[in-house]
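Got a sequence here, can you model it:
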Amino acid sequence: MAKTVGIIAEYNPFHNGHYYHLQKAKQEAEADFCVAVISGNFTQRGETSIVNKWAKAYMAICGGADLVIELPTLYSVSSAENFAEGAIKIFDSLGIVNTLSFGIEAKDLATLNNIANVVYQEPKEYVTMLNHELNKGVSFPKARENALMMYLNDIKRYANVLNGSNNILAIEYLKAIKKLKSPLKPVGIKREKV
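So this is what the prediction gives:
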């Protein structure tokens, strides 16, 4: 049976790092095919893309994707949580994607998965710590980072993990997989300078 890896991206524009990720994802997943779900004419931050969706799709195909599907604008301009969940729903609905690959800055996927478990399950102790941090007047991202480090009780391992944009998205992908009970197997690809 053929294996298919899924990639969620903006490709605004497609560059050597994207090419590296696409090739490495196919290799790591031992995939025969690659499906890319990419944002259309708008980015996750709500800005207009540098290149239009047709050019992005063409670049993805030239870079090794076998099928490109547009992430609806409702998801593509939304929060990282909605961006991730929308794309995972698309992969699940296809019924042909076995693996989800994404870039990470973290040392390992287990670190991100531990965080995803906490933000998905929201244990009472963690929520109390988060509220305590928020009551100090700290921004939500910083309060969440502080609460996670306290809850997970390993500052060395979890410090600065939430500073990486790829890590933040990876956590949301992992959380969406849990929430939707998706059969997708996650594969994190360490970002490399290429």
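
show me where pLDDT drops low in the protein?
192-194 (pLDDT under 70).

So which residues of it form strands?
Shown for the chain, the strands assigned by DSSP state E span residues 4-9, 33-39, 67-71, 99-104, 185-190.

I figured residue 140 was touching residue 134, is that so?
Yes - using Cβ atoms under 8 Å, residue 140 is in contact with residue 134, at 6.9 Å. Quick note: C-beta positions are derived from backbone N, CA and C, even for glycine.

Tell me which of the two has more neighbours.
residue 134 (16 against 10; other Cβ atoms under 10 Å).

quick one: contacts for the more buried one?
By Cβ atoms under 8 Å, 6 or more residues apart in numbering, the residues touching residue 134 are 140, 143.

do you know how far it is from residue 25?
In this view, residue 134 and residue 25 are 37 Å apart by Cβ to Cβ, to the nearest Å.

Could you report the neighbour count for the nearest residue to residue 103 once chain neighbours are set aside?
Excluding the flanking residues, the one nearest residue 103 by Cβ to Cβ, 6 or more residues apart in numbering is residue 166, at 4.4 Å. For residue 166, the neighbour count with other Cβ under 10 Å is 18.
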